[in-house]
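> got a sequence here, can you model it:
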Amino acid sequence: MTHDQFQKNLSEFIDGELLGSLRAEMVDHLDACEDCRVLFVTTQKTIELSRGQGKPKLSQAFQTELTEKVKRAYRLGNRCEG
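Residues are numbered from 1 along each chain as shown. All right, here's what the predicted structure looks like:
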């Protein structure tokens, strides 16, 4: 399998849509090719992050402090424009 063939089928591979010999070829290529492993991992991580699985969690204390600051600014007339 060439790099171009791997890249062409990467999306379907990540989504689990490839079966049989094409899937096996993709796995074999991943085992043998460092560049495509990097591409695979990077693409997979990007998809995870875009789906919100990588969102940072804000502590409850920070959320409370931020809410109070916004309320205070609103009461003082420091409203956002726009």
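> what ranges does the protein have for its helices?
3-14, 20-32, 34-50, 60-75 (DSSP state H).
> give the buried residues for the shortest one.
Using 16 or more other Cβ atoms under 10 Å as the test for burial, helix 3-14 gives 6, 9-10, 13. For glycine as for every other residue, the C-beta is placed from the backbone atoms N, C-alpha and C.
> what residue lies at the spatial centre of this structure?
Leu49 (2.3 Å; Cα atoms, centre = their mean).
> can you tell me how far Trp39 is from Leu18?
Trp isn't right for residue 39; it's Leu. Plainly put, Leu39 is 16 Å away from Leu18 if you go by Cβ to Cβ, to the nearest Å.
> same check, this time on Asp4
When distance is defined by Cβ to Cβ, Asp4 is 16 Å away from Leu18.
> equivalent analysis for Phe40, please.
13 Å.
> sketch out the low-pLDDT regions of this structure for me.
Flagging of the chain using pLDDT under 70 yields the residue ranges 52-56, 58, 74, 76-82.
> one more pass at 90, please.
1-4, 34-36, 44-82 (pLDDT under 90).
> what about His29, how many neighbours?
By other Cβ atoms under 10 Å, 19 other residues sit near His29.
> was I right about it contacting Cys36?
Yes. If you go by Cβ atoms under 8 Å, His29 and Cys36 touch, sitting 5.8 Å apart.
> follow-up on the earlier one: next one: the residue nearest to the centre of the chain from Thr42, what distance?
Distance of Leu49 to Thr42, given as Cβ to Cβ: 11 Å.
> and if you look at Arg51?
Distance, Arg51 to Thr42, using Cβ to Cβ: 15 Å.
> identify the contacts common to His29 and Cys36.
Here His29 and Cys36 have Phe6 as joint contacts, going by Cβ atoms under 8 Å, 6 or more residues apart in numbering.
> same list, the buried residues of helix 3-14, but as CSV with distance to Leu66 please.
Output for the buried residues of helix 3-14, formatted as CSV (distance: Cβ to Cβ, whole Å):
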residue, distance to Leu66
Phe6, 45
Asn9, 45
Leu10, 39
Phe13, 41
